[in-house]
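J.: fold the following for me, if possible:
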Amino acid sequence: MVATGSLSSKNPASISELLNDGYHPGSLLSDFDYWDYVVPEPNLNEVVFEETTCQNLVKMLENCLSKSKQTKLGCSKVLVPEKLTQRIAQDVLRLSSTEPCGLRGCVMHVNLEIENVCKKLDRIVCDASVVPTFELTLVFKQENCSWTGLRDFFFSRGRFSSGLRRTLILSSGFRLVKKKLYSLIGTTVIEEC
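T.: Numbers count the residues shown, from 1 in each chain. As a prediction, this is how the structure comes out:
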């Protein structure tokens with residue numbers, strides 16, 4: 001039964017038609033009461049906790065990129081597209097939601113793909129007190145801009161010849177691969193472009 005705005009006291013013909021077909025006014029009310037019990041109210045504590053977890057994960061990813069820029073990438077700046085780390089964190093949370101320990105059972109390997117070569121940046125253990133149940137491999141991608149190559153060429157010949165003057169620009173695309181450690185189900189690949 002579908003209840004619409006036409007079933008009101010303004011339209012007595014519709015109500016009398018329903019009563020003639022065997023519907024009782026009490027059954028209309030009980031149908032509405034039924035939905036009050038079936039649809040649960042959202043748990044605001046869960047929403048706040050997930051948002052906090054997402055923000056913590058964003059900070060972990062940004063710290064990883066910050067630490068890696070001078071030690072492993074040899075550059076002075078890493079430019080990250082707006083909301084990229086936020087999208088990645090949301091995908092990580094979604095992939096971990098089906099795991100027995102959730103995000104706590106995750107080990108994430110962070111890589112950067114530069115000209116079809118993957119460079120390892122870091123390994124993030126979400127909770128060292130929990131035995132990992134799955135691994136995620138995150139691959140950031142470098143933006144393919146011709147002007148950055150020209151800029152680096154000109155700056156490398158002048159007074160800015162230091163290897164740490166280069167700026168790395170990340171693409172908005174990334175690859176996220178999930179590998180279950182204690183399951184025969186296989187892997188899940190998410191490609192964002």
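
J.: could you list the paired strands of the strand ranked longest in the chain along with their orientation?
T.: Longest strand in the chain, counting residues (DSSP state E): strand 167-180. When pairing is defined by DSSP bridges, strand 167-180 lines up against strand 77-79 (parallel), strand 134-142 (antiparallel), strand 187-192 (antiparallel).

J.: could you dump those strands to CSV with mean pLDDT?
T.: Below are those laid out as CSV (pLDDT from 0 to 100):
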stretch, mean pLDDT
strand 77-79, 92
strand 134-142, 94
strand 187-192, 70
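
J.: least trustworthy helix or strand in this structure by mean pLDDT?
T.: Lowest on mean pLDDT, DSSP states H and E among the helices and strands of the chain sits helix 146-157, with a mean of 49.

J.: got the angle between the helix ranked longest in the chain and strand 167-180?
T.: Longest helix in the chain by number of residues (criterion: DSSP state H): helix 44-71. Counting by axes from the mean of the first three to the mean of the last three C-alpha atoms, to 10 degrees, helix 44-71 lies at 130 degrees to strand 167-180.

J.: and helix 44-71, which residues are buried?
T.: 53-54, 57-58, 60-61, 64-65, 68-69 (16 or more other C-beta atoms under 10 Å). For the C-beta atoms, the positions are set from N, CA and C on the backbone; glycine is no exception.

J.: ok, back up a step: packed most tightly, which of the strands paired with strand 167-180 would that be?
T.: Comparing the strands paired with strand 167-180 by mean neighbour count (mean count of other C-beta atoms under 10 Å), strand 134-142 comes out on top with a mean of 20.
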